[in-house]
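>>> Sharing a sequence plus its predicted fold:
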Amino acid sequence: MVDAAPQPKVKVSVKDLAIQYGGKAALSGVNLEIREHEIFGIIGPAGSGKTSFLRVLNRMDEMTTGMTFTGTVAIDGRDVRAWRNLYALRSRIGVVFPLPVGLPLSIYDNVALSPRLRGIRSASDLDEIVERCLRRAALWDEVKDRLQSLGSLLSGGQQQRLTIARALSQEPELLLLDEFSIAVDPVTTMKIEDVLKELRSEMTIVLVTNLVQQARRLADRTAFFLSGAFVEVGKTEDLFTGPVTDPRTREYVEGRFG
């Protein structure tokens, strides 16, 4: 008798999550697990609660006026609300928003900031980190000769890739991507997708996307949110071709609404 393969460790556990803004429900009934070293997709129309879900993982609710949540969200078995040192929690989590969030620093310093905060001072070590992260973000070849220029002078798509490089420089255990490709051209998007597949071996990735085919290309498993409610979660390919719990899931991924 062949023993069953061990299940991957649970990285994020969410139980009975409900999110409100000023007392108005934004997302409810979320029960799911995100496994270590997987790309976990979240799909659904605009306004379905996808970004709100990411905010809870990184405790950005504390920075969002009127946002509260109930239920349990744990990373590595520890409730995110139990972390007294918020920096310690966020240092483990990289975040990329839909539109670039630039820092008023040079391209080099944007990427080197997090390593420096971790105590890395060696110029050669910083150079290596900056180059590696910019390469992974498909930006190195375009900026290698102007690393001391302001990051804010880059084009919108380049600034987004700089944001990705900066997130990777944290060496996060958990990488949250919220519509990362919205400001990036299709060719570069495919390059970054290839990198994300490689990064799966180093970290857990949560990918929020309105592009269902992007979820299909990248995600091992995917959750479907609709109108502020968690509908279901399953193997990504099953949502497209296999059994689904709710017929609305198949209707959405086939483009019949949304």
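Nice, I can see it. Residues are numbered from 1 along each chain as shown.

>>> where do the helices sit along the protein?
50-57, 86-90, 107-117, 123-136, 140-143, 156-168, 186-199, 212-218, 236-241, 247-253 (DSSP state H).

>>> Wait, residue 102 touches residue 162, no?
Yes. Using CB atoms under 8 Å, residue 102 is in contact with residue 162, at 7.2 Å. Just so you know, the C-beta spots here come from the backbone N, C-alpha and C atoms, and that holds for glycine as well.

>>> higher neighbour count, the two?
Taking other CB atoms under 10 Å, residue 102 and residue 162 do not tie; residue 162 has more neighbours (25 against 17).

>>> Now do the contacts for residue 252.
43, 44, 45, 212, 224, 226, 258 (CB atoms under 8 Å, 6 or more residues apart in numbering).

>>> how about low-confidence regions in the stretch 1-150 of the chain?
In the prediction, the stretch 1-150 of the chain carries residues with pLDDT under 70 at positions 1-6.

>>> sorry, back to before: between the helices of the chain, which one is closest to residue 150.
Of all the helices of the chain, it is helix 107-117 that lies closest to residue 150, at 7.6 Å by CB to CB.

>>> In PDB, could you pull the C-alpha coordinates for stretch 195-205?
Extracted in PDB, the C-alpha atoms of stretch 195-205 (Å, rounded to 0.1, in the frame of the first residue of the first chain):
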ATOM      1  CA  VAL A 195       8.800  34.700 -12.600                       C
ATOM      2  CA  LEU A 196       5.800  34.100 -10.200                       C
ATOM      3  CA  LYS A 197       5.800  30.500 -11.200                       C
ATOM      4  CA  GLU A 198       9.400  30.200 -10.200                       C
ATOM      5  CA  LEU A 199       8.800  32.100  -6.900                       C
ATOM      6  CA  ARG A 200       6.300  29.500  -5.800                       C
ATOM      7  CA  SER A 201       9.200  27.400  -4.500                       C
ATOM      8  CA  GLU A 202      10.300  30.300  -2.200                       C
ATOM      9  CA  MET A 203       7.000  31.900  -1.000                       C
ATOM     10  CA  THR A 204       3.300  31.700  -0.900                       C
ATOM     11  CA  ILE A 205       1.500  34.000  -3.400                       C
END
